[in-house]
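> Requesting a structural model of the entry that follows:
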Amino acid sequence: MFATLREAIKRRQAAEIQYRSMREPQAHRRVVEPHSLIRAGRRRHVRAYCTTNSDYHDYSLGRIVSVKILDQAATHGAQDDRISRRRAATEATLGRRKYHACDAGWGGDLARPAATRD
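Have a look, this model is predicted:
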């Protein structure tokens, strides 16, 4: 899943995921436009625009059942994501990385262990 989502981000393609949320434990279909993979503590998430809900969401990788890259260009990226921009500003202000994503043109693609300064 990680590699497939990373590839979708690099290619700037939409992806279809089967996702189990807290509210809907039965897997359901979402078409997303991923822009970042994030490591927050022990969990990894994909930050993506959800075309179903017309909004940005964090999707826990542990709740994603399957991923398929679609032949559809992503039109929403990190530059349009208010939360993603706020995270970047907070990280710069604090001088440490609680959430870390490498640059892939849209704001990130590969989560790595957070680097912190004492």
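> how about the strands in this structure?
13-19, 28-40, 43-50, 55-60, 64-73 (DSSP state E).
> Just want to check the distance between His57 and Phe2.
18 Å (C-beta to C-beta, to the nearest Å). (C-beta placed from N, C-alpha, C; glycine too.)
> scratch that, Ala27 is what I was asking about
18 Å.
> will you turn the strands of the chain into TSV that also has mean neighbour count, distance to Asp80 and mean pLDDT?
Listed next are the strands of the chain as TSV, based on neighbours: other C-beta atoms under 10 Å; distance: least, C-beta to C-beta, whole Å; pLDDT from 0 to 100:
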stretch	mean neighbour count	distance to Asp80	mean pLDDT
strand 13-19	20	14	97
strand 28-40	21	9	92
strand 43-50	21	7	92
strand 55-60	16	8	91
strand 64-73	14	14	96
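> Asp81: which of those strands is closest?
strand 55-60 (4.7 Å; C-beta to C-beta).
> Provide the contact partners of the closest one at residue level.
With C-beta atoms under 8 Å, 6 or more residues apart in numbering as the test, strand 55-60 has contacts from 17, 19, 30, 32, 38, 43-50, 76, 80-84.
> Quick one: residues contacting Met71.
Wrong residue type there; residue 71 is Asp, not Met. So Asp71 contacts Gln13 (C-beta under 8 Å, 6+ apart).
> can we see that at 10 Å?
13-14 (C-beta atoms under 10 Å, 6 or more residues apart in numbering).
> circling back to that earlier point, out of the strands of the chain, which is closest to Arg6?
strand 28-40 (6.3 Å).
> quick one: the closest one to strand 64-73, angle?
Strand 28-40 and strand 64-73 are oriented at 100 degrees to each other (axes from the mean of the first three to the mean of the last three C-alpha atoms, to 10 degrees).
> Which strands or helices does strand 28-40 pack on?
helix 2-11, strand 13-19, strand 43-50, strand 55-60, strand 64-73, helix 82-94 (3 or more C-beta pairs under 10 Å, 6 or more residues apart in numbering; DSSP states H and E).
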